[in-house]
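Colleague: model the following, please.
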Amino acid sequence: MERARRSAEGGQAASFRMGIGDIFFRRQKVIEERLAEYLDHWWECVECFQQGMYKYLADGLGEELDFHYARVAKEESKGDELRRSIEVELFTRALLPESRGDILRILESLDLVINRAESTIRQLVIERLEVESWMRPGLSRLTEVTVETCKTLHLAASHLMRGEDGPIGKMTHRIEEAESRCDHVAEDLLGRVFASDLDLSRKLQLKDFVRRIATISDRAESAGDSLHIVSIKRRV
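Modeller: Model prediction:
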């Protein structure tokens with residue numbers, strides 16, 4: 001009789017543990033799905049930035065640039081909404097406080113990247129900024145390497161969200177290398193700007209624009225560092 005009672009109690013405890021585990025797993029899956037959706041919109045925002053910049057460098061100001069600005073602003077706004085919904089999920093679902101903190105830090109660092117991408121296109125539209133023709137190849141190269149940095153960051157974040165920590169170290173190193181190339185391209189552009197015969201006010205305006213683009217890769221590098229730290233914490 002006593003053995004049967006203990007067996008029944010053990011079965012009930014095991015069922016309880018399994019039930020809690022199932023609930024935790026389902027809650028984890030909800031957050032993982034939201035994170036994947038956020039990363040999709042995050043990358044869409046980067047692509048809109050890239051398309052807007054290339055269109056601007058090819059054709060200058062106009063309706064096409066305004067269209068791409070509307071797109072990048074829309075995607076950035078969607079990203080903000082998703083980030084806020086994930087934050088709510090993190091505090092209402094069964095997650096350890098440390099895990100919540102890690103995810104929040106990653107989201108905040110990723111959000112800074114697309115905020116700067118959106119503000120770069122916004123500067124073109126609001127200021128109706130025109131750039132010198134000799135700057136266009138350099139700006140095209142700066143945009144290319146900036147997007148390369150973001151692409152590697154997006155891939156690293158996707159791996160981390162799936163629990164695949166192995167490749168993160170190599171990817172963050174690639175992000176650092178791309179960010180360094182962005183710095184070199186930006187410095188070369190700025191050197192040419194200040195060596196030109198342009199008015200000082202014009203030079204300062206162009207300096208602000210070039211640095212705004214370069215800051216995207218700076219923020220991507222910081223986000224990569226956050227990813228790397230979390231991946232190391234998971235392995236120790």
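
Colleague: OK, contacts around Phe209?
Modeller: Neighbour list for Phe209: Thr120, Gln123, Leu124, Leu129, Val131 [criterion: C-beta atoms under 8 Å, 6 or more residues apart in numbering]. Just so you know, the C-beta spots here come from the backbone N, C-alpha and C atoms, and that holds for glycine as well.

Colleague: again with Thr215
Modeller: Arg116.

Colleague: returning to that earlier point: from the contacts of Phe209, pick the one nearest Gly169.
Modeller: Using C-beta to C-beta, Thr120 is the member of those that lies nearest Gly169, at 29.3 Å.

Colleague: C-terminal to the helix or strand bottoming out on mean pLDDT in the chain, what's the next element?
Modeller: Within the chain, no helix or strand scores below helix 2-59, which has a mean of 69 by mean pLDDT, DSSP states H and E. For helix 2-59, the following helix or strand on the C-terminal side (DSSP states H and E) is helix 63-92.

Colleague: chain center to that following helix, what's the gap?
Modeller: 12 Å (C-alpha atoms, centre = their mean, to the nearest Å).

Colleague: equivalent analysis for stretch 130-149, please.
Modeller: The answer for stretch 130-149 is 20 Å, by C-alpha atoms, centre = their mean.

Colleague: who's in contact with that stretch?
Modeller: Residues outside stretch 130-149 that contact it (C-beta under 8 Å, 6+ apart) are 46-47, 49-50, 53-54, 57, 60-61, 175, 178-179, 181-182, 185-186, 188-189, 192-193, 196, 198, 206, 209-210, 213-214, 216-217, 220-221.

Colleague: many thanks, I have nothing further to ask.
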